[in-house]
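Participant: kindly generate the corresponding structure for this input.
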Amino acid sequence: METKDDLIVEGYKFATLADAETARQDAKRVKNLEDNLNYKKPQSVLAIYHKALDTKIFQTPIGFAYLVRIQDHLKRCGIAEENIRPVPLNMTFTNKTEANRSIRRSIAARKPEYIGRFAASVCINIILIIMVAAMFAISLNSDHPNIINYRRAVINEYSEWEQELTERESAVRNAEREYSITP
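Facilitator: The predicted structure follows:
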């Protein structure tokens, strides 16, 4: 089980044991470089500094702090600041990034455009809903059978036939009575 002391390395308290172990490795690398680096030759220090940046040998604040100390040493030795590359930090420290801010700014700048498009979209959708409702109303009230009113149309047609047949039957029976024809 990890203890509070297992997470602390050279004054930094890390969130996980794995991060603390990586920091311990960085501390060993810093000690190794301190023991073997000849600070009297600024060009060799600059070359080792750039090599450390290229290989990304340091991954924790301990290593980054050491790289900043080397930067300061190189500046004191007279190396031009434009020849000393900055330490790249390939991580974020807050949830707010420049990309998020620029996205928010661009959305805020185009907000009226979106409002106009949204309003137009709502109007078009309302018109389409009204048109669909009108088509259903026309289909329901149409005399021609369709998928919506076919049952009613068929029933109406058969009831008309039945009424017509009943009328013909009664006309035939009246004619039979009139002419005294017995069936």
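Participant: this structure: strands as residue ranges?
Facilitator: 8-9, 12-13 (DSSP state E).
Participant: let me see the contact set for Tyr49.
Facilitator: Residues near Tyr49 by CB atoms under 8 Å, 6 or more residues apart in numbering: 67, 70-71, 74, 84-85. The way it works is simple: take the backbone N, C-alpha and C, and place the C-beta from them, glycine included.
Participant: tell me the buried residues within the residues you listed.
Facilitator: Among the contacts of Tyr49, those buried by neighbour count (16 or more other CB atoms under 10 Å) are 67, 70-71, 74, 84.
Participant: any chance of these in JSON lines, plus distance to Ile138 and pLDDT?
Facilitator: Putting the buried ones among the contacts of Tyr49 into JSON lines (distance: CB to CB, whole Å; pLDDT from 0 to 100) gives the following:
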{"residue": "Leu67", "distance to Ile138": "78", "pLDDT": "90"}
{"residue": "Ile70", "distance to Ile138": "83", "pLDDT": "90"}
{"residue": "Gln71", "distance to Ile138": "80", "pLDDT": "89"}
{"residue": "Leu74", "distance to Ile138": "85", "pLDDT": "88"}
{"residue": "Ile84", "distance to Ile138": "80", "pLDDT": "88"}
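Participant: mind listing which of those residues are in helices?
Facilitator: 67, 70-71, 74 (DSSP state H).
Participant: now, among those residues, which is nearest to Leu140?
Facilitator: Closest approach to Leu140 among these (CB to CB): Leu67, at 79.4 Å.
Participant: much appreciated, bye for now.
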